[in-house]
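**Q** need a 3D model of the following:
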Amino acid sequence: GGGAYRGRILPDDSLPPSRTLWVGNIGRSVTDDLLRSLFGHYGHIESLRILHDRFCAFVNFVHVDAAVAARNALQECQIGPQRVVINFRANDAPPHAGAGGGAGASAHEASA
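**A** Model (predicted):
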């Protein structure tokens with residue numbers, strides 16, 4: 001195993017923002033407390049899990065805005081011995097969650 005980590009992991013901007021961040025390239029010395037102190041600066045963390053065997057962590061924020069802010073600020077920042085890559089993780093939102101925002105946006109645009 002481990003072949004997936006041989007190349008450079010890149011930020012993936014194709015995924016829509018979500019409350020959950022996948023943090024890749026996590027070193028064995030990185031602790032929950034370290035991640036909580038870094039990511040917690042951007043908003044309230046619902047849960048956090050480090051998978052050292054997969055060199056990654058998942059940080060779940062209460063609000064999407066906090067996850068977006070943390071990703072923007074900490075992308076490719078050095079945490080522990082190496083630079084991390086942070087991507088949104090597709091969450092299991094109900095199918096109707098993504099629909100509906102379009103109508104309001106176009107109505108606002110029309111009145112401008």
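
**Q** where along the protein do the strands fall?
**A** Per DSSP state E, the chain carries strands over the ranges 20-24, 45-51, 56-61, 78-79, 82-83, 85-88.

**Q** contact partners for the residue nearest in space to the middle of the chain?
**A** Centroid-nearest residue in the chain, with Cα atoms, centre = their mean: residue 21, separated by 2.1 Å. By Cβ atoms under 8 Å, 6 or more residues apart in numbering, the contact list for residue 21 reads 39, 58, 59, 60, 61, 67, 70, 71, 86, 87, 88, 89. Any C-beta I mention is one placed from the backbone N, CA and C, and that applies to glycine too.

**Q** please check these and keep the buried ones.
**A** Among these, those classed as buried by 16 or more other Cβ atoms under 10 Å are 39, 59, 60, 61, 67, 70, 71, 86, 87, 88.

**Q** ok, the second one touching residue 43?
**A** So the one you mean is residue 59. No. Under the criterion of Cβ atoms under 8 Å, residue 59 is not in contact with residue 43, lying 10.1 Å apart.

**Q** sorry, back to before: and the nearest residue to the residue nearest to the centre of the chain once chain neighbours are set aside, what does it touch?
**A** In space, and not counting its chain neighbours, residue 21 is closest to residue 59: 4.6 Å by Cβ to Cβ, 6 or more residues apart in numbering. By Cβ under 8 Å, 6+ apart, residue 59 lies in contact with 20, 21, 23, 35, 39, 45, 48, 67, 70.

**Q** can you list the low-confidence ranges for this protein?
**A** Scanning the chain for pLDDT under 70 picks out 1-8, 91-112.

**Q** how about the helices in it?
**A** Using DSSP state H, the helices of the chain run over residues 32-39, 64-74, 101-111.

**Q** hmm, back to that, any shared contact partners between residue 59 and residue 43?
**A** 67, 70.

**Q** residues contacting residue 19?
**A** 46, 60, 61, 62, 63, 64, 66, 67, 91.

**Q** returning to what we had before: of the buried ones among the contacts of residue 21, closest to residue 10?
**A** Of all the buried ones among the contacts of residue 21, residue 10 sits closest to residue 87, with 9.0 Å by Cβ to Cβ.
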